[in-house]
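> Make a model of this:
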Amino acid sequence: MEIYRLLPGDNCGECGTKTCMGFATKLIGRKGEVDDCPLMTEPEYEEERKELIGLLTPPVRPVKVGKGENAFEIGGEEVIYRHEKTWYNRPPMIIDVDDKMEEKELIERVEKISDYSRIKIGEVLTYNGIAVRAKSGDPFNFKKTVKLVDENTEYPLVLCSFDPEVLESGLEIVSNQNPLIYAANKDNWENVADLAIEHGCPMTISSTDINEIAEISTRSLARGVEDDQIVLDPGTNPLDLRSTTNRLIKLRRAAIEDEFEALRFPLLGIPSTTWMVEESENDAAFMEATTACALVDNSIDALILHSDEVWSLMPTLILRQDLYQDPRNPASVEPELREVGEPDENSPLLITCNFALTYYTVEGDSEGVDCYIYPVDTDGTSVTSAVAGDLMTAQKIVDAIEEHDFEEIVSHKTLILPGDAAVLSGQIEVDSGWNVLVGPKDSSGIKDFLDDNWPPKKEK
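Numbers count the residues shown, from 1 in each chain. Okay, the predicted model is just below:
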């Protein structure tokens, strides 16, 4: 209602929503921007617009890194615990390179990072950025490396050095691409802050002392750094994860519960520090993965990693996918007839639920078989839960037969139900006139089932 009272109240519909109350609901759900309302951009509504933006800005300020389609936003969170509402912006996984690498090795690593992708539950999982570390400490060498990396990737960059002169040399190459610069500390914060102001890019404040972070943050804001330009690094100690996670928790509480302005910023974790304390590469990669997962569990907003091994990075990729799924809206697919392979009128038609994990498992287990799959709308719940909770019913399946013209798509009038939905088979047959086969409870048995039962006996 506070948001609604600040809107014009004309119900003009120019924002794409019929009423201002509907637009207020849309804003709360992060499905629109204040400026989607043309009237709010008028001078007479300037005060209301500022107040509205203040109300809608999350406790943890959102910070954008990069430009273009690969840019990412970090922060922007409203709750400490995911189940309270949801977490919004997945922590980007930023893989590092350094300016002492041979050119060939550097380009190969950058291309490997940029080209990596895997599909899980129908979603393409990738890394998100590249951190360029000034290992040499030489501005000229760093600038050359940043240029080479920039020429071989479209990912956003993080420029890493405590030397402002080195950072500035990198910014000469990519300042127009909104890189994140790392990092300001008690000794160099003024120069780093000036670079952030001059180039309009975000900066990181690094310290294991929360009071020191707050002091540098306060002074940087007073100097002219905007509140969407600050990221906090409270230090990552792989040998003392307890103290590391305690600092993260304190900072997140200060931002969300206390709304302490100096600490209302995204948090950066650096599991790559693991490589400084482990001699074995396998041990370092394993500990890095463990550390990264612990940080993702504890509200980290961005990660800088060193390993490029799939076995080490996949746990973090999958964990963040799971944690950043809105708990109010289970992962689901649209209830529409889908094709696997090149099915025709004689191909089997499989029924399942629209819970994404179930659907994509069924689809994967059906690979190599030309068939149709129809995921019934079960509000994103599994077959067993959907049958028990009357979310997968005989009537829904009968309605789907008519709505999607199954009879015009296949000639055999036979459905294959998942084993856990066997109780629905009789009613479906009575109400639809279709034949129903009860398939396996586990989709891994689909191919064997079809080998034994398809085509239906009556068509043999």
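
> Residues touching stretch 291-302, excluding its own?
Stretch 291-302 is contacted by residues 60, 65, 74-75, 77, 80, 87, 89, 91-94, 231, 236, 238, 241, 244-245, 248-249, 252, 266-269, 271, 274, 303, 305, 315-316, 319-320, 323 when judged by C-beta atoms under 8 Å, 6 or more residues apart in numbering. To be clear about C-beta, it is placed using only N, CA and C from the backbone, and glycine gets the same treatment.

> per-residue pLDDT, the residue nearest the centre of the chain?
Nearest to the geometric centre of the chain sits R90, at 3.7 Å (C-alpha atoms, centre = their mean). With respect to pLDDT, R90 scores 97.

> Which members of the contacts of stretch 291-302 are classed as buried?
Buried members of those, scored by 16 or more other C-beta atoms under 10 Å, are 60, 65, 74-75, 77, 80, 87, 89, 91-94, 231, 236, 238, 241, 244-245, 248, 252, 266-269, 271, 274, 303, 305, 316, 319-320, 323.

> In helices, which of those residues appear?
The helices, defined by DSSP state H, take in 241, 244-245, 248, 252, 316, 319-320, 323 from the buried ones among the contacts of stretch 291-302.

> Would you convert these into CSV that also reports distance to Y182 and pLDDT?
Formatted as CSV, these follow (distance: C-beta to C-beta, whole Å; pLDDT from 0 to 100):
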residue, distance to Y182, pLDDT
L241, 21, 94
T244, 17, 97
T245, 21, 96
L248, 17, 97
R252, 20, 97
T316, 20, 97
L319, 24, 96
R320, 21, 96
L323, 25, 94
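
> right, and out of these, which lies closest to I113?
Nearest to I113 among these, counting by C-beta to C-beta, is T316 at 14.2 Å.

> Give me the spatial nearest neighbour of that closest one, chain neighbours excluded.
Distances taken as C-beta to C-beta, 6 or more residues apart in numbering place A292 nearest to T316, at 4.4 Å, with adjacent residues excluded.

> Wasn't the one you found part of a helix?
Yes: counting by DSSP: H, G, I helix; E, B strand; the rest coil, A292 is part of a helix.

> quick one: it from L263, how far?
23 Å (C-beta to C-beta, to the nearest Å).

> before we move on, what about I409?
58 Å.

> Check I3 too.
25 Å.

> So if I had to pick from these two, which one is more boxed in?
L263 (24 against 18; other C-beta atoms under 10 Å).

> That one contacts S217, correct?
Yes: because the distance of 6.7 Å satisfies C-beta atoms under 8 Å, L263 is recorded as touching S217.

> Need the residues touching each of these two.
L232.

> Need the nearest residue in space to D370, chain neighbours excluded.
G341 (3.8 Å).

> What residues does the one you found make contact with?
Counted by C-beta under 8 Å, 6+ apart, G341 has contacts 367-371.

> before we move on, the earlier item: which residues does the residue nearest to the centre of the chain contact?
Contacts of R90 by C-beta under 8 Å, 6+ apart are 320-321, 324.

> if we go to 6 Å?
320, 324 (C-beta atoms under 6 Å, 6 or more residues apart in numbering).

> how far away is it from I210?
25 Å.

> again, but for V34
Taking C-beta to C-beta, one finds V34 at 33 Å from I210.

> rewinding a little: identify the farthest-apart pair in the ones in helices among the buried ones among the contacts of stretch 291-302.
Taking C-beta to C-beta, no two of those sit farther apart than R252 and T316, at 18.9 Å.

> tell me which element the residue lying closest to L106 once chain neighbours are set aside is part of?
Distances taken as C-beta to C-beta, 6+ apart place V97 nearest to L106, at 5.8 Å, with adjacent residues excluded. Per DSSP states H and E, V97 falls inside strand 93-98.

> That strand pairs with which strands, parallel or anti?
Strand pairing for strand 93-98, using DSSP bridges, gives strand 129-133 (parallel), strand 302-305 (parallel).

> avg pLDDT for the longest one?
Going back to what we said before, that points to strand 129-133. 98.

> Mind listing residues that contact that strand?
With C-beta under 6 Å, 6+ apart, strand 129-133 has contacts from 92, 94, 96-98, 113, 145-146, 149, 153, 155-160, 304.

> cool, stretch 405-418 as well?
345, 348-352, 383, 425, 434-439, 456, 459.

> Next, give phi and psi for N298.
phi -120, psi 40 (degrees, to the nearest 10).

> That one and I130, how far apart?
Taking C-beta to C-beta, one finds N298 at 24 Å from I130.

> What of S169?
S169 is 17 Å from I130, by C-beta to C-beta.

> Can you give me the buried ones in stretch 147-158?
Those would be 148-150, 152-153, 155-158, for stretch 147-158 by 16+ other C-beta under 10 Å.

> chain center to that stretch, what's the gap?
21 Å (C-alpha atoms, centre = their mean, to the nearest Å).

> Using PDB, list the CA coordinates for that stretch.
Provided in PDB are the C-alpha atoms of stretch 147-158 (Å, rounded to 0.1, in the frame of the first residue of the first chain):
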ATOM      1  CA  LYS A 147      44.100  -6.700 -23.400                       C
ATOM      2  CA  LEU A 148      44.700 -10.300 -24.400                       C
ATOM      3  CA  VAL A 149      42.000 -11.600 -22.100                       C
ATOM      4  CA  ASP A 150      39.500  -9.000 -23.400                       C
ATOM      5  CA  GLU A 151      40.200 -10.000 -27.000                       C
ATOM      6  CA  ASN A 152      39.400 -13.600 -26.300                       C
ATOM      7  CA  THR A 153      36.300 -13.500 -24.100                       C
ATOM      8  CA  GLU A 154      33.000 -11.700 -23.800                       C
ATOM      9  CA  TYR A 155      32.800 -12.300 -20.100                       C
ATOM     10  CA  PRO A 156      33.000  -9.500 -17.600                       C
ATOM     11  CA  LEU A 157      36.400  -9.000 -16.000                       C
ATOM     12  CA  VAL A 158      37.700  -8.400 -12.500                       C
END
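
> what's the pLDDT at the residue nearest to I397 when sequence neighbours are not counted?
Distances taken as C-beta to C-beta, 6+ apart put I428 closest to I397, at 5.5 Å, once the chain neighbours are dropped. pLDDT for I428: 96.

> My assumption is that I373 lies in a strand; please confirm.
Yes: counting by three-state DSSP, I373 is located in a strand.

> thought it was touching R338?
Yes: contact criterion C-beta atoms under 6 Å: I373 and R338 qualify, at 5.0 Å.

> When the two are compared, which one has more neighbours?
For I373 and R338, the more surrounded residue by other C-beta under 10 Å is I373, and the numbers stand at 21 against 18.

> Who is the more buried one paired with across the strands?
Bridge pairing for I373 - DSSP bridges - gives R338, L350.

> Among the contacts of G341, which are located in strands?
Among those, DSSP state E puts C371 in strands.
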